[in-house]
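Chemist: Got a predicted structure plus its sequence, pasted below:
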Amino acid sequence: MLLKPLWQRWHAGLQRWARRLRTHGWFPHVPLALVLAGGALKLLHTDLGRNWQRYLALLANGQFDAHPGLLPPLLIGLGQLTMALGLLMRSRLAWTMAVLLTIAAMASLLFGWHHSIPMLVYFSLLLSALLACWQRFDRSSLAASTLFAFTSVAMLIMYATLGSYYLGAEFTPHINDLVTALYYALITMSTVGYGDIVPHTPEARLFAVSVVVLGVAVFATSLTAVVAPMVTRSLQRIINHKGRTMKRKDHFVVIGNTSLAINTWRELIKRGQPVTRLLRDAPEEGELADVDVVVGDSSDIDVLRQAGAHQAKAVLAMRDDDAENAFTVLAVKELGGDARTVAAVNDARHLSRIKLVQPDVIVAPQVLGGELTAMLLTGEKVTADFVLDRVFQ
């Protein structure tokens, strides 16, 4: 019984510190990206030395070092640096590739030329942190996913081609040119395996196994990352067409499922105004059967266009996350049109940041509560102008 109060106090303390540090906008994706990038630079420095950048020029000019152990850490390190950028955008594909590359880095440290116990512990902790925070990397933009998928496939092809070329003498027949190396890499990655080129040493066989495993993982992940957003949008269109649809022009777009959003929607309907509700999750069957509903991410320009935000009278961002409301206002401005933007503020500390995105109206009813209560208790005069000024800023 004592453990529960202790856990509750500890959890409440963490939440207070999180609010003070405003972690919702930068944690955990920013620290994980920095840790991943730092580990990549340290791995390159450990295996290739201080001047590891010169190997990029050698690769670009076709002048390859004869040491086959230099290729894996070079490609792994460059891949981790690339995926660190994706982690900053909370990309699901970048998180997946970061996990795979971290595992590859640990394998390189275990079986490569340089063994570093501190680095192995470092990447083990990084892998644990990535796995623990998987739910925070939930963005699957089609453009970003396509970019990182292309980068992942390109780096895998480089790894397989250059590795085959380095180990060419350990295959039968020998691989003596890059064209043959590329051919063997693609045939192995696709798991076709014609059998015309066969590895005959333990090192070459282990290399072939790594190409097959990485090929299946990268292609499956990349395909999922590119196709999943397209399938999701198709499903959203099917869901959206189930309910009542209207001509989305000169209407109001109310975003969110908070009490403020629901009450605003109801009051607009009472006044005979056309309203489209934009929700992140699909409503239950029959729950909003007579309501024009669009399901999707309110910060996605395509979803906003589907809701007719570019032809609306006003777009009201009234979700419970102030950051998402700010992103929505920016997306509406990027979309264009003459719609007025209304942003709800749930936390007084975010008010100044919401103002930076310059919505036409800021609605802050919850911000008013503490100040109004204090004024009433201390006998200060409360006027209608004061209330309007605090609620609509």
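Modeler: Nice, thanks for sending it over. Numbers count the residues shown, from 1 in each chain.
Chemist: Correct me if wrong: Ala33 contacts Leu87.
Modeler: Yes: the pair Ala33 / Leu87 is scored as a contact, 4.0 Å apart, by C-beta atoms under 8 Å. Using the backbone N, CA and C atoms, a C-beta is placed for each residue, glycine as well.
Chemist: Those two: which has the busier surroundings?
Modeler: Taking other C-beta atoms under 10 Å, Ala33 and Leu87 do not tie; Leu87 has more neighbours (27 against 21).
Chemist: Tell me the secondary structure of that one, please.
Modeler: What DSSP: H, G, I helix; E, B strand; the rest coil gives for Leu87 is helix.
Chemist: who's in contact with it?
Modeler: 29, 32-33, 36, 94-95, 98, 137 (C-beta atoms under 8 Å, 6 or more residues apart in numbering).
Chemist: gap between the two ends of stretch 196-206?
Modeler: Terminal residues of stretch 196-206 lie 18 Å apart, using C-alpha to C-alpha, to the nearest Å.
Chemist: From the chain's centre, how far out is it? Work that out for me.
Modeler: The chain centroid and the centroid of stretch 196-206 are separated by 38 Å, computed with C-alpha atoms, centre = their mean, to the nearest Å.
Chemist: all helices of the stretch 251-393 of the chain, in order?
Modeler: 259-270, 301-306, 322-335, 351-356, 365-377, 384-391 (DSSP state H, counting those that start in this stretch).
Chemist: TSV for those helices, including mean neighbour count?
Modeler: Compiled in TSV, the helices of the stretch 251-393 of the chain are given as follows (neighbours: other C-beta atoms under 10 Å):
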stretch	mean neighbour count
helix 259-270	15
helix 301-306	19
helix 322-335	20
helix 351-356	14
helix 365-377	13
helix 384-391	12
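Chemist: Dump stretch 154-171 to PDB, restricted to CA.
Modeler: Provided in PDB are the C-alpha atoms of stretch 154-171 (Å, rounded to 0.1, in the frame of the first residue of the first chain):
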ATOM      1  CA  ALA A 154      21.000   3.500 -51.400                       C
ATOM      2  CA  MET A 155      23.200   3.000 -48.400                       C
ATOM      3  CA  LEU A 156      22.400  -0.700 -48.300                       C
ATOM      4  CA  ILE A 157      23.300  -1.000 -52.000                       C
ATOM      5  CA  MET A 158      26.600   0.800 -51.300                       C
ATOM      6  CA  TYR A 159      27.400  -1.600 -48.500                       C
ATOM      7  CA  ALA A 160      26.600  -4.700 -50.400                       C
ATOM      8  CA  THR A 161      28.400  -3.600 -53.600                       C
ATOM      9  CA  LEU A 162      31.500  -2.300 -52.000                       C
ATOM     10  CA  GLY A 163      31.700  -5.200 -49.600                       C
ATOM     11  CA  SER A 164      31.400  -7.700 -52.500                       C
ATOM     12  CA  TYR A 165      34.200  -5.800 -54.300                       C
ATOM     13  CA  TYR A 166      36.500  -5.800 -51.200                       C
ATOM     14  CA  LEU A 167      35.900  -9.500 -50.600                       C
ATOM     15  CA  GLY A 168      36.000 -10.400 -54.300                       C
ATOM     16  CA  ALA A 169      38.800 -12.800 -54.000                       C
ATOM     17  CA  GLU A 170      36.800 -14.900 -51.500                       C
ATOM     18  CA  PHE A 171      34.100 -15.700 -54.100                       C
END
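Chemist: thinking again about what came up before, the contacts of Leu87, buried ones only, as a PyMOL selection?
Modeler: Buried members of the contacts of Leu87, defined by 16 or more other C-beta atoms under 10 Å, are picked up in PyMOL with:
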select buried, resi 29+32+33+36+94+95+98+137
